[in-house]
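In: what would the 3D arrangement of this be:
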Amino acid sequence: MDNLEKELYRLSKVEPSSKFCRQAKDRLIHKITLSANEAWFLRLFKKVFSVSPSPYFIERARVRLLEQIEAMKRPVFSWLLFTKRVVATTLVMLIAVTTTLFFVDGKQQVNASEPTYLEVTGGEVAVKHADRLIWDVINQQTELMAGDLIRVGDSASAVIHFFDDSEIRLSEDASLLLSRLDVSPGYARQGIIEVSLHQGRAWVQTLNADDGYARFALVTPDAIVSTQYASFDVETNLFAPTVIRVFKRGVEVKALRQESRDVLASGMLNTYQKVTLEAATPYQPSADLSVFAPIYELTDEDRGEAWASQNLEADRAHLAQLRDRELITLRATTGFLPGQVLYPVKRAKERLQLAFAFNEENQQNTQVAMANERLSEALVLIEQGQTDPAKLALMEYQHLVRQITEAKTTEEVKDQLSNQVVATHQKTLVAALPGDARVGIIKQALDQTKELLAENPVERAQIRLKNSLEDMIHVQELVEAGDIESAEETLVDREIMAVLLLEEASALEDEEQKKVLFTQILDTQYEEQRILNELNRQLADTEGPLAALIENAHLSIKEDIKHTAAVVQPLLPDVVLSEAVILPEDEKVIEFVNKVNIYSTAQGQANQIKRLLTKHPQYAQNQEFLTKVRDRLDARSQDQINVYLLELKREATEAKSKVVKRKIDQAKRAMEDRR
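Out: Numbering: from 1, shown residues only. Here you go, the predicted model:
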């Protein structure tokens, strides 16, 4: 700045001639008029503003500038008649104000790109990169790309760290292919990841938000496991079916036919559940997962296994590391906070950017950026213990979101807004703040935003049900983390959404929409009951307010399920009695037996058993269920059930023989090919 002032002092006070001014004016008009030379105009605005102006804005600005030059009566360079000190002072003030407004916001540049790399944690691990024909033995970290194949040797182990912070931990004798690695267009720290586990055992921890794009898929010879945010374990090899165990959140499982890769069954596997994909019956395409293969709760042996304990501890350590790193990033990128000296300058910059947004798209983008800024500020303030300023920031965030949604209500725009103002910060909540931070008001604000962006009453109700279930899952996670006080507060403040929405669902005129919502209400209640059962198991030997609250909630949900089933029964009788329903298995057995005992004669009971098993074929394929039913019936009806059990055992033996024979043939062909 001093050099600039010195140079200005050296300027001579020569008044340009009229001819010079006229020629300069003509040259300037000619330069601005040429569309090919608009690049210099665009570069000027990019240096001044942090956002690029639209083509429409540049064109209007160029036209206005031409009009101003044409309208000038006095010479263009008449400003040289002023004194040198006035010129220097004006320029210095202009540069100072511009710099303050457009380049001072307290933010730091943070590199958000992360590679996918392999870390060897023991033994010998080999990698065959997609662009090479030979295997490389790895003893240190190496970057991976789509198409790379990893082979873990005997007594070896390895960890794959993905760009979205997910991890896969491979045990010995595992073989895995990275099929696809795509970055999400809305958020660089998540995306689509697809891997193929050919054999061995893998522990997966995924950390993604629901942005409509990001997902993780693990493929085995007979299954596809998909999720966004979960911890699960997969084990597979050539001569045994795939076994899937879920330890956190839920995953979607699709059972495949090995030869054709056709989808045979699909369904959800929730926390502390497992499935072995070996059907005891002939293949039935498009069946429910629970019909294809029984779903069991994880036993104490499953939970206490060394592999599970080690990986659960590794999950906690990985999450703690991410929180520390992401919190530093959040502080750096948020910039000045309310109460700091230069925070008004940051707000003035935002208002100026909004004022220069001359079309709806630029205005919406600016408002989205402002909303995200308020939410980021609230997260940092919450972490610092400044609750009142955080609440004010959240109020402004919600006000901005309402403004945006009122201006644009199309489905495409709302999906885009959901990705921009919800998904990114959902991931921040996963791994950006310490575990003891009070982020309840942040989550509540995001939940309200998701409801606001819903397209119709049914979608809004589904979002509220999902949020209610998330609250129950959060209680479970707090109990597992030992934060009993927070678990009690969350359980007390939790609203029982399924019961509240039952009346709204009953009032719907569209029968199909009503069926969809009824089914989701039942599914939500069932999952909440399952979580409460798990919490009761964990707190069986403890006393206190939390144990009493959970016991009361458990009794309440059982009554709610019966009430919901009574309302839904006329419209969805098959759903109420299906495997996905809501009643625990023992209660299903009792209900089945009661229906059989309606008839007093042996022939009547036999006919009733046949009708019920024909109407609900999933019962006819479930050996455990049929065994429990048989044990509760009198002797004259037990023989009828034994017929079904013997048939199931025969089919299971035949199916197993076919599977073994097929795998032996595959192994023989593989040996012949290698020769």
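In: what are the buried residues along stretch 441-460?
Out: Neighbour-count burial for stretch 441-460, counted by 16 or more other C-beta atoms under 10 Å, picks out I442, K443, A445, L446, D447, T449, K450, L452, L453, A454, V458, R460. Heads up, the C-betas are built off the backbone N, CA and C, glycines and all.
In: next structured bit after the helix or strand containing the fourth one?
Out: Think L446. Applying DSSP states H and E as the criterion places L446 in helix 440-452. Using DSSP H and E, the helix or strand that follows helix 440-452 in sequence is helix 457-481.
In: what does that following helix rub up against?
Out: Residues from elsewhere that reach helix 457-481 (C-beta atoms under 8 Å, 6 or more residues apart in numbering): 248-249, 271, 435, 447, 450-451, 454, 484, 486-487, 490-491, 494-498, 501, 504-505, 508, 513, 516-517, 520-521, 524, 527-528, 531-532, 534-535, 538-539, 546.
In: are any of those residues buried, and which?
Out: The buried subset of the contacts of helix 457-481 - by 16+ other C-beta under 10 Å - is 248-249, 271, 447, 450, 454, 484, 486-487, 490-491, 494, 497-498, 501, 505, 508, 513, 516-517, 520-521, 524, 527-528, 531-532, 534-535, 539, 546.
In: among these, name the ones in strands.
Out: K248 (DSSP state E).
In: can you tell me which residue is nearest the centre of the chain?
Out: Note on the chain: the residue nearest the mean C-alpha position is A209, at 2.3 Å, using C-alpha atoms, centre = their mean.
In: that one and L446, how far apart?
Out: Distance, A209 to L446, using C-beta to C-beta, to the nearest Å: 10 Å.
In: same deal with A505?
Out: 24 Å.
In: and the strands in the stretch 151-300 of the chain?
Out: 157-161, 167-170, 175-183, 191-207, 215-220, 223-227, 229-237, 240-248, 251-256, 263-269, 273-276, 287-288, 295-297 (DSSP state E, counting those that start in this stretch).
In: pull up the pairing partners for the second one, direction included.
Out: Same thing as strand 167-170. If you go by DSSP bridges, strand 167-170 pairs up with strand 157-161 (antiparallel), strand 191-207 (antiparallel).
In: then the last one?
Out: Within its sheet, and counting by DSSP bridges, strand 295-297 is paired with strand 273-276 (antiparallel).
In: as PDB, could you dump the C-alpha coordinates of the strand it pairs with?
Out: This file holds the C-alpha atoms of strand 273-276, laid out as PDB (Å, rounded to 0.1, in the frame of the first residue of the first chain):
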ATOM      1  CA  GLN A 273     -29.500 -59.700  14.400                       C
ATOM      2  CA  LYS A 274     -27.900 -62.300  12.200                       C
ATOM      3  CA  VAL A 275     -28.800 -64.500   9.200                       C
ATOM      4  CA  THR A 276     -27.300 -67.400   7.500                       C
END
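In: name the residues that touch that strand?
Out: The contact list for strand 273-276 (C-beta under 8 Å, 6+ apart) reads 241-246, 253, 269, 289, 293-298, 302.
In: rewinding a little: out of the contacts of helix 457-481, list just those in helices.
Out: Of those, the ones assigned to helices by DSSP state H are 447, 450-451, 484, 486-487, 490-491, 497-498, 501, 504-505, 513, 516-517, 520-521, 524, 527-528, 531-532, 534-535, 538, 546.
In: low pLDDT regions in the stretch 301-450 of the chain?
Out: Across the stretch 301-450 of the chain, the ranges flagged by pLDDT under 70 are 408-419, 421-440.
In: can we see that at 90?
Out: 301-304, 316-317, 319-391, 393-450 (pLDDT under 90).
In: what about the helices in it?
Out: 306-334, 343-355, 360-383, 387-407, 411-418, 424-431, 440-452 (DSSP state H, counting those that start in this stretch).
In: what's the closest of the ones you listed to H161?
Out: Checking these against H161 by C-beta to C-beta gives helix 306-334 as the closest, at 9.1 Å.
In: mind listing what's buried in that closest one?
Out: Quick answer for helix 306-334 (16+ other C-beta under 10 Å): 308, 311-312, 314-315, 318-319, 323, 326-327, 329-331, 333-334.
In: next, A130: secondary structure please.
Out: The local conformation at A130, judged by DSSP: H, G, I helix; E, B strand; the rest coil, is coil.
In: picking that back up, nearest approach to K656 belongs to which of the strands of the stretch 151-300 of the chain?
Out: K656 sits nearest to strand 240-248 of all the strands of the stretch 151-300 of the chain, at 10.1 Å, using C-beta to C-beta.
In: that closest one vs strand 191-207, what angle?
Out: For strand 240-248 against strand 191-207, the angle by axes from the mean of the first three to the mean of the last three C-alpha atoms, to 10 degrees is 70 degrees.
In: worst mean pLDDT across the helices and strands of this protein, which element?
Out: Using mean pLDDT, DSSP states H and E, helix 84-103 stands out as the lowest-scoring helix or strand of the chain, at a mean of 50.
In: which secondary structure elements does the helix or strand following that helix contact?
Out: Moving toward the C-terminus from helix 84-103, the next helix or strand (DSSP H and E) is strand 117-122. Using 3 or more C-beta pairs under 8 Å, 6 or more residues apart in numbering; DSSP states H and E, the elements in contact with strand 117-122 are strand 142-143, strand 157-161.
In: got the contact list for strand 117-122?
Out: Contacts to strand 117-122, defined as C-beta under 8 Å, 6+ apart, come from residues 125, 127, 138-144, 150, 155-161.
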